[in-house]
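Novice: Structure of the sequence below:
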Amino acid sequence: MPAMAWADEHRFKTALSALVIYDSVIHSGSILRFLRSRFPESPPVSGGNEQAWTTAYIRERHKWLKTNSSSALRTSSYRTADLTREISRRNWDLSQLPISANGTMVYPKA
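Specialist: Residues are numbered from 1 along each chain as shown. Presented below is the predicted three-dimensional model:
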């Protein structure tokens, strides 16, 4: 609920942005302010472009995870790599299935 409340408050609409936000909140506890300060894009609530913000945030989060002194965080960078792949596929509505999550193919419910 906190992740989706944050997404709604900041006027994110796409499923992929919601997934990025949800992943950040469940993995890191929040949308990390220090990462947000590393890029100029504004969230939609401030007139920014949703896709540009989401792309910039996941790029910075990936760099942070990949270079972290904690081996557990470095290992978890597969999360941001998977999300980056969906951004590259322009899969903003998450309709292009399956989606790979750490090597596991995710299909719609039968």
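Novice: make it CA atoms for all contacts and neighbour counts henceforth
Specialist: OK.
Novice: Can you classify the residue minimising distance to the centre of the chain as helix, strand or coil?
Specialist: The centroid of the chain falls nearest to V20 when counting by CA atoms, centre = their mean (2.2 Å). Recorded secondary structure, V20: helix (DSSP: H, G, I helix; E, B strand; the rest coil).
Novice: Stretch 14-32 - what's its average pLDDT?
Specialist: On average, the pLDDT along stretch 14-32 is 97.
Novice: Pull out the buried residues from it.
Specialist: Buried residues in stretch 14-32, counted by 16 or more other CA atoms under 10 Å: T14, L16, S17, A18, L19, V20, I21, Y22, D23, S24, V25, I31.
Novice: repeat for stretch 83-96
Specialist: L83, T84, E86, I87, N91, W92, L94.
Novice: where's the closest residue to the fourth one other than its chain neighbours relative to P108, distance?
Specialist: Once its chain neighbours are removed from consideration, I87 has its nearest residue in T55; the separation is 7.0 Å (CA to CA, 6 or more residues apart in numbering). Counting by CA to CA, to the nearest Å, the separation of T55 from P108 is 24 Å.
Novice: out of those two, which sits in the busier spot?
Specialist: Neighbour totals were compared for T55 and P108, and T55 leads with 18 against 8 (other CA atoms under 10 Å).
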